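> any chance you can model this:
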Amino acid sequence: MTKDEGATDSGARSDVAGDVVGDVAGDATPLLPEAVRAVPYSWDTGFGWPPETPESAENLALARAVLEACLPARPLAVPEPPAEVRAKDLGEGEELPDWVEARSVLRDLMPYARDVTRERMAEAEARCARAGLDTTDFTARWTLRISAWIAEEVLRWCGLMVDDTTALTPWAVELAERYATRGVAAEQAVWLLRLTPELPSGQAALARLARDATLPAEVRELAAEGVG
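Here you go, the predicted model:
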């Protein structure tokens, strides 16, 4: 993977019932931290930061604030976000997992991070329940998952698109290691470290991750492959 490979999968829009989804009302209850709500990129593009995003002090500060805000306090029991599943990759008789359809419902109701509110989440849960989809711990699970997708794209931008890697020192390296150990966007966090080999702190972080027996084997192997 190189810095040329990594770009990813407004306004009002129509929801799944045909109603128009516009800006969040002032009395809505946000579920994401303020820094995360400031991310201007749409869920239609996977919250991806465009390759042409300037490496400005403002954008680097936003990237750092988002990563700090999305980082969970402790390792997750189940890593997030789930690996992407495509219909063409399914075997005979296999079906897409429920979360893929549920994501479509949420994305239509919450096209931007600022739209992730308790009220819209409740509406999404009701629609998913009517569709027979799994709604266990719905608000907590999906708020965490959305945060993980947003953080994953910030890590991707930092690793692939920021040419002045000294601007990432030490905060991005430290946060990437924490993301990997806490099971959130772990593989993208490791890629950030691998794509900044000129930073000694990044190489040291990769070596620690490669030796961490608590991590999934694929994360340890990915880290080990990046140790120079």
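> now do the phi/psi pair for the residue nearest in space to the middle of the chain.
With distances taken as Cα atoms, centre = their mean, the residue of the chain nearest its centroid is residue 149 (1.8 Å). Per-residue torsions, residue 149: phi -60, psi -40 (degrees, to the nearest 10).
> and it, how far from residue 75?
18 Å (Cβ to Cβ, to the nearest Å). Every residue, glycine included, has its C-beta placed from N, CA and C.
> one more: residue 127?
As judged by Cβ to Cβ, residue 127 and residue 75 stand 32 Å apart.
> please enumerate the helices of the protein.
For the chain, the helices defined by DSSP state H occupy 34-37, 57-70, 98-109, 118-130, 138-160, 171-182, 186-194, 200-211, 217-225.
> just how off-centre is the third one within its chain?
What that stands for is helix 98-109. In terms of Cα atoms, centre = their mean, to the nearest Å, the centre of helix 98-109 is found 15 Å from the chain centre.
> for that helix, name the packing helices and strands.
When contacts are defined as 3 or more Cβ pairs under 8 Å, 6 or more residues apart in numbering; DSSP states H and E, helix 98-109 sits against helix 118-130, helix 138-160.
> buried residues of it, list them for me.
Of all the residues in helix 98-109, those buried under the rule 16 or more other Cβ atoms under 10 Å are 99, 102, 103, 105, 106, 107, 108, 109.
> residue ranges in the chain under the pLDDT threshold?
Counting by pLDDT under 70, the low-confidence segments of the chain come to 1-26.
> one more time with 80
Applying pLDDT under 80 to the chain picks out residues 1-27, 86-93, 200.
> which one of the helices of the chain lies closest to residue 50?
Nearest to residue 50, of all those, is helix 138-160, at 8.7 Å by Cβ to Cβ.
> for that closest one, name the packing helices and strands.
In terms of contact count using 3+ Cβ pairs under 8 Å, 6+ apart, helix 138-160 is assigned the packing partners helix 57-70, helix 98-109, helix 118-130, helix 171-182, helix 186-194.
> what comes up buried for it?
Within helix 138-160, the residues scored as buried using 16+ other Cβ under 10 Å are 138, 141-160.
> same thing with stretch 116-135?
The neighbour-count check on stretch 116-135 (16+ other Cβ under 10 Å) flags 116, 117, 120, 121, 123, 124, 125, 127, 128, 133, 135 as buried.
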